[in-house]
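1. Just need the structure, nothing else, for what follows:
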Amino acid sequence: MKKIWSLLCALGLCLMTEQPAASVYNGAPRLQGALYETIENVPVYGNLSAFDPEGDEVEILVCQPPKKGSVAFDGTSFVYTPYPGQRGEDSFSAQAMDRYGNRSNEAVAAISIRRGSGAPYFADMDRHPYEYSAIKLAQAGVLGGEQVGEHLLFYPQRQVSRGEYVVMLLAALGKDQGLTPCVNTGLQNDGAIPLWLKPYLSRAIECGIVTEEAFDTETVPTRAEAVVLCERAAQIGDILKYNLQIGDRDTIPSWALESYVNLSAYGILDLYDGNAYPTQALDRGYACSLLWQLYKYVNK
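-> This next block holds a predicted model:
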């Protein structure tokens, strides 16, 4: 009897231990649509914001393709290329799918293609992610290029000094005209600031763009520094609750994080591939992206 009881207990224990584990719920990702604008024959470089509750990697599936162009995804980033001569309104829809096959809502990316006649063409910005920004800034008289022979060049990889960037920010705000002559900015390093630049620095101080006691105009800022200066120029309040979705968020310095949050929440941050690259030196390509978003914000 004891042997039978022992066998039954052992069998019961075996059955108990071999019960399959309860299945764990895995939630579907979420995908956010967006609005974009471009002109004839100029591609759109964008990124659809995707969120997965478990942090799973997602794949983007195009549900309804665009009619006036083509779209290709790399991760959550995409390139929309309008067909030659097309203009008007276009759109495509997509879903995010995780590795378990869970699909998100169907999100729509809407693209407005404007007439391109009369727009400047920068030979060195062809197929550049910020080509449209450069064109619009040139049309607005904020930032132009240089005619070299038969070609108009923008020099997107040319680095921008802190002093030059301040002048650009003032131009985007429409506050670079009617400057008062200035011989002393009041900054601790005033003696090192070129005389021609002092009226701009004085105006930038008035506008709250420059708040430091000393401002080095010759060095090249990082992208993070440029974002902070742009956020000051926009004069927007701090956002208390916002889910900042940037792929390399952990590399953003703590002193710049709030500026990234604020600009992103107000739609003044264009990260076409979802990354900020905050430690990279500021060049004209990235500067024109910030400037165009700032220009749109203050002129909306």
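
2. pretty sure Val71 belongs to a helix, no?
-> No - according to DSSP: H, G, I helix; E, B strand; the rest coil, Val71 belongs to no helix; its state is strand.

3. name the element the residue nearest to it when sequence neighbours are not counted belongs to?
-> Residue nearest to Val71 in three dimensions, not counting chain neighbours: Tyr80, with 4.7 Å by C-beta to C-beta, 6 or more residues apart in numbering. (C-beta placed from N, C-alpha, C; glycine too.) For Tyr80, the host element (DSSP states H and E) is strand 77-82.

4. What is that strand packed up against?
-> strand 34-39, strand 44-47, strand 69-74, strand 107-114 (3 or more C-beta pairs under 8 Å, 6 or more residues apart in numbering; DSSP states H and E).

5. now Glu206: how far from Thr222?
-> 25 Å (C-beta to C-beta, to the nearest Å).

6. For the two, indicate the residue with more neighbours.
-> When Glu206 and Thr222 are compared for neighbours, Thr222 comes out ahead with 17 against 11, by other C-beta atoms under 10 Å.

7. which strand residues sit across from the more buried one in the sheet?
-> With DSSP bridges applied, Thr222 shows beta-bridge pairing to Ala281.

8. show me what contacts it?
-> Residues near Thr222 by C-beta atoms under 8 Å, 6 or more residues apart in numbering: 278-282.

9. any idea how far Leu61 is from Gly69?
-> From Gly69 to Leu61 the distance is 18 Å (C-beta to C-beta).

10. The two: which is more packed in?
-> Shown here are Gly69 and Leu61; by other C-beta under 10 Å, Gly69 has more neighbours (20 against 15).

11. What residues does the more buried one make contact with?
-> Counting by C-beta under 8 Å, 6+ apart, Gly69 touches 80-83, 86, 90, 111, 113.

12. Look up the pLDDT of it for me, please.
-> In this model, Gly69 is scored at 98, pLDDT.

13. so it bridges to which residues?
-> Beta-bridge pairing for Gly69 (DSSP bridges): Pro82.

14. now do Ala94
-> Val62, Ala107.

15. Can you tell me how far Lys198 is from Glu54?
-> Distance, Lys198 to Glu54, using C-beta to C-beta: 55 Å.

16. With neighbour numbers in mind, choose between those two.
-> Neighbour totals were compared for Lys198 and Glu54, and Lys198 leads with 19 against 13 (other C-beta under 10 Å).

17. Identify the residues contacting the closest residue to that one other than its chain neighbours.
-> In this structure, Lys198 finds its nearest non-sequential neighbour in Cys182, 4.3 Å apart by C-beta to C-beta, 6+ apart. Contacts of Cys182 were listed using C-beta under 8 Å, 6+ apart, and they are 198-199, 201-202.
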